[in-house]
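Enquirer: mind looking at a prediction? Sequence and model below.
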Number of protein chains: 2
Amino acid sequence: MNDSTAHAHHRRTMSKFLKLAHKFNSFYLNGLQKKECRAFIVDGIQVGLVRSTVTIELSRYPNVFIVNPNSVTLNPAFRDYDERSANIESVLKEMKEKKLFLTLKGWRDEVLTHASFIDITISDLFSLFGICNYGVDINGYVNHPQKGLCIWLQQRSLTKQTWPGKWDNMVAGGLSVGNSVIHTAYKEGEEEASLTPDLMKNLQSAGTVSFFYESERGLFPDTEFVFDLELPPDFVPRNQDNEVEKFELVTASETVNRILSPDFKTTSCPVIIDFLIRHGIINPENVTAGLKLEKPGHFVLEPRFPELVELLHVPLQSLYKKCDNLLTENGLSKAE
Amino acid sequence: MNDSTAHAHHRRTMSKFLKLAHKFNSFYLNGLQKKECRAFIVDGIQVGLVRSTVTIELSRYPNVFIVNPNSVTLNPAFRDYDERSANIESVLKEMKEKKLFLTLKGWRDEVLTHASFIDITISDLFSLFGICNYGVDINGYVNHPQKGLCIWLQQRSLTKQTWPGKWDNMVAGGLSVGNSVIHTAYKEGEEEASLTPDLMKNLQSAGTVSFFYESERGLFPDTEFVFDLELPPDFVPRNQDNEVEKFELVTASETVNRILSPDFKTTSCPVIIDFLIRHGIINPENVTAGLKLEKPGHFVLEPRFPELVELLHVPLQSLYKKCDNLLTENGLSKAE
């Protein structure tokens, strides 16, 4: 590859990452500006956004939802958690029976207490109301003597309701009230990949990613707490909850190919890209397939590299005003 | 420390980090919303923001600057780089003689070609026009057998124009046209800390930070390309350009104390906080002085942790529309 070919290749690969970052931020970059959604208000605080297709259905239940030009408010007459939950649940069950929304199809009556901070008990329904999801991810990696940095990926079970058969991070799971971030990491690590407490001694917190995706299933503001875990070369993850088809240890460059392919769960890409950036695989000079830069100063500055990093950390926590108050006062921290 | 004391201490420390993040994002979080600044337009593209105090002075030069209600435009009649530069320079020299702005006091006739992408040749003046600065930082660290993770900090020279005598990152420098990010890292590493190419073999790209600070000196949108460099325990940085008072190797917990003190350069804190987060020192469970979490699941979820991470990556690259086009078409990448 000569200089200009390498340069062109570099540009193309960067465009692919940015294209992907625009894809998993489809709502942040497009939908949000259109201002077609209404703020979803619970107890005087905006906790989400509601699309017009959903608003139309909610407006059929004026005793539960008050629809105004810019907002949908959960009836403030509901006094407490139980009353709010019961009312929302009955509406959603009716909507499910009518087969109104794709996202309700997968509703498994699985109560995730996480959702309690907005007084809705079913996390699958977050996307109908554009409520921020919080999750935990573990990047399991191996410093292989021959192959260099390698990453464990999982293929999701073919029977999963969402993204069946797609490639995904080694371990990922939703946060629930009463469980701290680190506790969730341990729990999911054990269930999804048989990570023993002994292996987990190497677990290292590495930050968060935030992005805002939209699909036909709804709105997906998402913040993931990210952990790195170096694993011994002879360890093989073993799934215990039947949610995984298989695991595969892939090289850094193969990981790049994998996330750029349509076979990877779109909303799991931010965590992997963040990992690859933090470990120098995707960098300002070299965004090609895991190759280390050999001639310093050889390539041009990549002005779109900071743009990519910024798209892994979009300002979700300040998007819904007073959202912090909500978390602090009404939910997650209180539950301990 | 019992549970509730630890918890309270944890909250207080987190508030300190967030307070700091709000400080180095003073313009992003406050100034920007006030909409008191005018867009600074060069060649049809917004490249900055101008405060009203500056606009008043610029309006005295209607042949150079066209002031409108929402914008200040550099006279589009200027045909090229040389004509634009000469005109701006003469205005700024006159303003300097009048001692109008603090930031002009430090103007050292130092031509930083970096600035050429907006056709102004003096980077010290970026803050008058709110033009984004790009820099490179190297976090030099040691995995000390006894003290654990330690970080090299520098105290800035007492004679520096800006932030004299303040504590700062080991190596930091502005990006200039014709020099790639990696080339700048090598150049600054050598000048500021005598980092040899042999030591630099361990250099690892680790992402970027973006923030938008405002002070009495002006507006400071800033994107830093961040590198980590593990150093041998016996290495001691030695400055070659007389810009450093001294270097000190400090533990992770002492680094936390240092950045929370008023003796640290405010605009260098984002790079250090990002480093401490990526290395697990500041994490969702434990934001206290470098202590590793001993009992998993013991502390509450820290909902403000993602907020802190987001404030290290504010969306500067999309703040001035078409800024990307500017970089790609008119400057940095073209110049190599």
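Expert: Arrived safely, thanks for sending.

Enquirer: let me see the ranges of the strands in the stretch 51-200 of chain A.
Expert: Applying DSSP state E, counting those that start in this stretch to the stretch 51-200 of chain A gives strands spanning A:65-67, A:71-74, A:133-144, A:148-156, A:167-169, A:171-174.

Enquirer: which helices and strands does the second one pack with?
Expert: By that I understand strand A:71-74. Packing contacts for strand A:71-74, counted by 3 or more Cβ pairs under 8 Å, 6 or more residues apart in numbering or on different chains; DSSP states H and E, involve strand A:38-42, strand A:65-67, helix A:81-97. Quick note: C-beta positions are derived from backbone N, CA and C, even for glycine.

Enquirer: sheet partners, orientation included, of the second one?
Expert: Strand pairing for strand A:65-67, determined by DSSP bridges: strand A:71-74 (antiparallel).

Enquirer: for whatever residue of the stretch 51-200 of chain A ends up closest to chain B, grab the count of nearby residues.
Expert: Minimum separation of the stretch 51-200 of chain A from chain B (Cβ to the nearest Cβ) falls at A:His183, amounting to 3.4 Å. Each residue near A:His183 was counted by other Cβ atoms under 10 Å in any protein chain shown, and the total is 19.

Enquirer: what segments of the stretch 151-300 of chain A are helices?
Expert: Taking DSSP state H, counting those that start in this stretch as the test, the helices found in the stretch 151-300 of chain A are A:181-193, A:197-200, A:252-260, A:269-278.

Enquirer: buried set for the second one?
Expert: Taking 16 or more other Cβ atoms under 10 Å in any protein chain shown as the neighbour-count basis, helix A:197-200 is seen to contain the buried residues A:Leu199, A:Met200.

Enquirer: dump the C-alpha coordinates for that helix into CSV.
Expert: C-alpha atoms of helix A:197-200 as CSV (Å, rounded to 0.1, in the frame of the first residue of the first chain):
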residue,chain,number,x,y,z
PRO,A,197,-14.8,-14.2,41.7
ASP,A,198,-11.2,-15.2,41.3
LEU,A,199,-11.1,-14.1,37.6
MET,A,200,-13.1,-11.0,38.5
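
Enquirer: out of the helices of the stretch 151-300 of chain A, flag the one nearest B:Leu74.
Expert: In terms of Cβ to Cβ, the element of the helices of the stretch 151-300 of chain A nearest to B:Leu74 is helix A:269-278, at 35.3 Å.

Enquirer: list of residues touching that closest one?
Expert: Helix A:269-278 has contacts (Cβ atoms under 8 Å, 6 or more residues apart in numbering or on different chains) with A:17, A:20-21, A:24, A:137, A:139, A:141, A:151, A:169, A:172, A:206-207, A:209, A:211, A:224, A:226, A:228, A:252, A:255-256, A:259, A:264, A:282-283, A:308-309, A:312, B:205-207, B:278.

Enquirer: next one: it to chain centre, how far?
Expert: Offset of helix A:269-278 from its chain centre (Cα atoms, centre = their mean, to the nearest Å): 12 Å.

Enquirer: now it: mean pLDDT?
Expert: Averaged over helix A:269-278, pLDDT sits at 97.

Enquirer: buried ones in it?
Expert: For helix A:269-278, using 16+ other Cβ under 10 Å, the buried residues are A:Cys269, A:Pro270, A:Val271, A:Ile272, A:Ile273, A:Asp274, A:Phe275, A:Leu276, A:Ile277, A:Arg278.

Enquirer: need the contact list for A:Leu316.
Expert: The neighbours of A:Leu316, taking Cβ under 8 Å, 6+ apart as the test, are A:Cys132, A:Ser210, A:Phe211, A:Phe212, A:Pro221, A:Asp222, A:Thr223, B:Pro306, B:Glu310.

Enquirer: the helix or strand where A:Ser15 lies: what's the following helix or strand?
Expert: Using DSSP states H and E, A:Ser15 maps to helix A:3-24. For helix A:3-24, the following helix or strand on the C-terminal side (DSSP H and E) is helix A:26.

Enquirer: how far off centre is that following helix?
Expert: Chain-centre distance of helix A:26: 13 Å, with Cα atoms, centre = their mean.

Enquirer: A:Glu310: how many residues sit nearby?
Expert: Based on other Cβ under 10 Å, the number of other residues close to A:Glu310 is 24.
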